[in-house]
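pasting the structure only:
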């Protein structure tokens, strides 16, 4: 179990100047801001209750860290919390420009290395194992550890499944589009670039952002989502635009994840990889334990994904997916909030 010192808390009554401390990392180019101090004490017994409490009562702190002038539209954050499951070593709440996601693979990869380096679990060679409690469930993580140094990280997803294949949706400015909808710890709409008149190899990022956002909004309006374990998990995080290369190929398949309020993932997106592998497995395009590489359409960084074993999630046939990637440190930061700053609570331009 994690020690309480790992939970980022402060007195609930603010005094100014207000300070929040973070450790900065990235996985595959996408940032993660791990909050180590400065959040008020959270209420809630379960991790989903804590997520709801933060969303409903403390959202200004997310805005201060994720939004400008301290963050930007594509910033991502991790708030460490005490797990309520005795099998977990740490708990985490995920945050981005729009709100609070139920799962984030690139953050789990970064947190695995962070937890080993901070001594949350004893480091062991050649790999250190730990369990992270996410709002979507328990994620088992393995961190390479050699000669006193942590490195590559892999995790096993919660049960991933397909909700719909070839669902036709009317997307304004793009026509009637077929999408797959899969759960990789959170729901994604998955659509090949050609269905949107794009080519990920040449399309400007803004064009991808616009198309993916249009698909996300169309799917939210047209397709009711459901998750068998909790209604809070039945949310569409975003859209994964792919290169359409889903039959097995030794070269990396490419995609771009656009999530939250039109945020573009710089990494291949760990939960997006999970969802895409679940979709490929459902279609018979990848075999159990067959590894596939997935490349970010923005940075070219690569994660691997492979279906490990079949399972069930309520009424759905599901699969456990292993995802791996390389996390890196980029620094530490101490953010100050002054009371008379008219923009102290952040903004998105």
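Nice, thanks for sending it over. All values reported here derive from a predicted model rather than from experimental measurement. Residues are numbered from 1 along each chain as shown.

and stretch 253-261, average pLDDT?
For stretch 253-261, mean pLDDT rounds to 97.

brain fart, stretch 60-73
96.

and if you look at stretch 140-152?
97.

So which residue is smack in the middle of this protein?
What sits nearest the mean C-alpha location of the chain, by C-alpha atoms, centre = their mean, is residue 104, with 1.9 Å.

quick one: that one and residue 270 touch, right?
Yes: between residue 104 and residue 270 there is a contact under C-beta atoms under 8 Å: 6.8 Å. Where you see a C-beta, it was placed from the backbone N, CA and C, and this is true even at glycine.

any idea how far residue 251 is from the residue nearest to the centre of the chain?
Counting by C-beta to C-beta, to the nearest Å, the gap from residue 104 to residue 251 is 26 Å.

can you map out the helices along the stretch 1-150 of the chain?
Ranges of helices in the stretch 1-150 of the chain, per DSSP state H, counting those that start in this stretch, are 47-57, 59-66, 105-117.

Go through those helices and pick out the most buried.
Highest mean neighbour count among those (mean count of other C-beta atoms under 10 Å): helix 105-117, with a mean of 28.

Tell me where the model's unsure across the protein.
Counting by pLDDT under 70, the chain has low-confidence residues at 1-13.

May I have the distance across stretch 338-349, first residue to last?
Start to finish, the residues bounding stretch 338-349 are 21 Å apart (C-alpha to C-alpha, to the nearest Å).

again with stretch 196-214
Termini of stretch 196-214 sit 10 Å apart (C-alpha to C-alpha).

swap in stretch 180-198?
Stretch 180-198 end-to-end distance (C-alpha to C-alpha) = 17 Å.

Now it: buried residues?
The neighbour-count check on stretch 180-198 (16 or more other C-beta atoms under 10 Å) flags 180-193, 195-196, 198 as buried.

Would you mind finding the longest helix in this structure?
Counting residues, the longest helix found in the chain (DSSP state H) is helix 205-222.

what's downstream of that one, the next helix or strand?
strand 236-242 (DSSP states H and E).

From the chain's centre, how far out is stretch 318-331? Work that out for me.
Centre-to-centre, stretch 318-331 and its host chain are 10 Å apart (C-alpha atoms, centre = their mean, to the nearest Å).

Distance across that stretch, terminal residue to terminal residue?
38 Å.

these two touch, right, residue 338 and residue 14?
No: between residue 338 and residue 14 there is no contact under C-beta under 8 Å: 11.6 Å.

Have a look at these two and say which one is more surrounded.
residue 14 (12 against 9; other C-beta atoms under 10 Å).

Quick check: the more buried one vs residue 71, distance?
For residue 14 relative to residue 71 (C-beta to C-beta), the value is 19 Å.

do residue 272 as well
From residue 272 across to residue 71, the span is 21 Å (C-beta to C-beta).

ok, back up a step: can you list contacts of the longest helix of the chain?
With contact meaning C-beta atoms under 8 Å, 6 or more residues apart in numbering, helix 205-222 is reached by 167, 169-174, 177, 179, 181, 189, 191, 196, 198, 200, 236, 238-241, 256-258, 262, 264, 297-298.

Show me which of those are buried.
Judged by 16+ other C-beta under 10 Å, buried ones among those: 167, 169, 171, 174, 177, 179, 181, 189, 191, 196, 198, 200, 236, 238-241, 256-258, 262, 264, 297-298.

Ignoring the adjacent residues along the chain, who's closest to residue 88?
residue 133 (3.7 Å; C-beta to C-beta, 6 or more residues apart in numbering).

tell me the contacts of the one you found?
47, 83, 84, 85, 88, 90, 91, 92, 139.

Over to residue 70?
So residue 70 contacts 64, 335, 346 (C-beta under 8 Å, 6+ apart).

One more pass at 10 Å, please.
Neighbouring residues of residue 70 by C-beta atoms under 10 Å, 6 or more residues apart in numbering: 20, 22, 33, 63, 64, 333, 335, 336, 337, 343, 344, 346.

so the last one makes contact with residue 71?
Which is residue 346. Yes: with contact defined as C-beta atoms under 10 Å, residue 346 counts as touching residue 71 (7.2 Å).
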